[in-house]
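*Asks:* Have a look; sequence and predicted model below, questions after that.
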Amino acid sequence: MTTQSTTAIRRISFGRAIAVTGFEAGWIALMVAVYAQTHSTVWMSAALFVVIGTSGVAAPVAGALGDRYDRRRVMVVSELVAAVFACAMVLTSSPPVLIALAAMVGLAEAPFMPASSAAVPNLVPETRLEWANSTLAIGRNTGQLIGPLVGGVLVAATGARTVFALSAVAFVLCAAIVGSVSGRFSDVRTPAERGQSSEVRAGFVAVWQSPVLRGIAAAWMVFLFMLGPILVAELPLAHEFGQGAAGYGAIAACWGGGSILGSFLGRRTARISEGRSMVWGCVLTGTGFATVAIAPVFAFALTGMILAGLADGTVTVSEMTIIQRCTSDHVRSRVNAAIDTITAAAFALSFPAAGFLINLLGVRGAYWMAAVGCWLAALILVPAMRALKRQPADAGSSPTPSPVGTVAR
């Protein structure tokens, strides 16, 4: 691996760690601020539904931006626009306005992930995809670890507005770091591919025509639909154990810490075992949530979150690598966005009933529900990963592979 490639991936990873730290801290501040004023899990569910739903609706267009325009520029602009809306959150305390502005932050952030993931195979050799995806996942998961801790502590000490301001600074820093990266972020396009780069539907068609991608999308739909209520349940769970905002942050941070360890494990996953990592990772993630559901003390619940995060971190690296290998460059950002849209829709749809389900099943029942969702996802992934074994090794390396390379024609 060349020094330039190593530096490029590490800079993007570092920038993403800063941005995710700001985003997660702001998320904690948003949820605490909304709950403090409303004392309602319904309002928290509404916040989750609006923010995640908005990002999901925008994802297809966001993915098309990453295939049509310079991906580095798309990533930089994405962070700068997010910073503007984060600044606006400093100026209000109204729950509806805060939720609306948080949705705009999510909307602005939507192009970053599809573009960054699509760029990886251009920045590093094919043999180092696991390393690159692991490094990027470590950056993101580090932010998920630090962000909730920072958000939980600062919102308790200084209030939500300070956290929102720091989030804006984090987005600007990420934009500056990514803007300094040198390297090739996309392949040279043929005239036909340039003409197809704005077709939003191409990503969805590619996912539908590939049994591997279709299986991944279906598994994540089930997983996230049944996972959603625990995001609403985390703060009530912390209160159940006698913890406050800091305990809420600790729950999310343990997930992030486990995910970092899982990302390192994903780096060592051989290509031949990626399918097994996906399936067994989902099984272990569900086991972690089940551990939280039966936890007698807070420390035991945190252990369950670490296990769930560790397994999920390994799955994420394998998933990113599989998607990159199954798609050609000119449609890759849209494929990422299509899967994001499908799964975000399932995730968002879980929130309107989340408050009702928590009242019906209890806080711990929400974690049991998430565990079952993970185990069902593992079953769905089994035939998809078998199809992956039958797929040619160079399925995504050709400029015009079939069917992914021809879906827009």
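*Replies:* Structure received. Numbers count the residues shown, from 1 in each chain.

*Asks:* List the contacts of Leu235.
*Replies:* Leu235 makes contact with Met31, Val32, Tyr35, Met44, Tyr248, according to C-beta atoms under 8 Å, 6 or more residues apart in numbering. For every residue, glycine as well, the C-beta is placed using N, CA and C.

*Asks:* Neighbour-wise, which one of these leads?
*Replies:* Met44 (27 neighbours; other C-beta atoms under 10 Å).

*Asks:* Just the element for it, please.
*Replies:* Per DSSP states H and E, Met44 falls inside helix 41-68.

*Asks:* farthest pair in the contacts of Leu235?
*Replies:* Met44 and Tyr248 (11.2 Å; C-beta to C-beta).

*Asks:* so what's in contact with those two at the same time?
*Replies:* Met31, Leu235.

*Asks:* circling back to that earlier point, can you put the contacts of Leu235 in a markdown table and add distance to Thr158?
*Replies:* Formatted as a markdown table, those follow (distance: C-beta to C-beta, whole Å):
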| residue | distance to Thr158 |
| --- | --- |
| Met31 | 16 |
| Val32 | 12 |
| Tyr35 | 17 |
| Met44 | 22 |
| Tyr248 | 16 |
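
*Asks:* Let me have these in TSV, adding pLDDT and distance to Asp329 as columns.
*Replies:* Putting these into TSV (pLDDT from 0 to 100; distance: C-beta to C-beta, whole Å) gives the following:
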residue	pLDDT	distance to Asp329
Met31	84	38
Val32	83	42
Tyr35	79	44
Met44	74	40
Tyr248	74	41
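
*Asks:* Now intersect those with the strands, please.
*Replies:* Using DSSP state E, no member of these falls within strands.

*Asks:* Ala157: how many residues sit nearby?
*Replies:* 11.

*Asks:* longest helix anywhere in the chain?
*Replies:* In terms of residue count, the longest helix belonging to the chain (DSSP state H) is helix 3-38.

*Asks:* That helix - contacts with which helices or strands?
*Replies:* On a contact count with 3 or more C-beta pairs under 8 Å, 6 or more residues apart in numbering; DSSP states H and E, helix 3-38 meets helix 41-68, helix 71-89, helix 95-109, helix 112-123, helix 129-157, helix 160-179, helix 211-240, helix 245-267.

*Asks:* the inter-axis angle of it versus helix 41-68?
*Replies:* Put simply, helix 3-38 runs at 160 degrees to helix 41-68, going by axes from the mean of the first three to the mean of the last three C-alpha atoms, to 10 degrees.

*Asks:* What residues sit buried inside helix 3-38?
*Replies:* Buried residues in helix 3-38, counted by 16 or more other C-beta atoms under 10 Å: 5-6, 8-35.

*Asks:* before we move on, back to that, and the helix holding Met44, how far from the chain's centre?
*Replies:* On the basis of C-alpha atoms, centre = their mean, to the nearest Å, helix 41-68 sits 12 Å off its chain's mean C-alpha point.

*Asks:* Nearest spatial neighbour of Val382, chain-adjacent residues omitted?
*Replies:* With sequence-adjacent residues excluded and distances taken as C-beta to C-beta, 6 or more residues apart in numbering, Val382 is closest to Val279, at 6.0 Å.

*Asks:* Below-threshold pLDDT in the stretch 1-150 of the chain: ranges please.
*Replies:* Regions of the stretch 1-150 of the chain meeting the criterion pLDDT under 70 cover residues 1-3, 41.

*Asks:* redo that, cut-off 50
*Replies:* Low-confidence segments of the stretch 1-150 of the chain (pLDDT under 50): 1.

*Asks:* show me the contacts for Trp43.
*Replies:* Here Trp43 is in contact with Val34, Tyr35, Pro95 (C-beta under 8 Å, 6+ apart).
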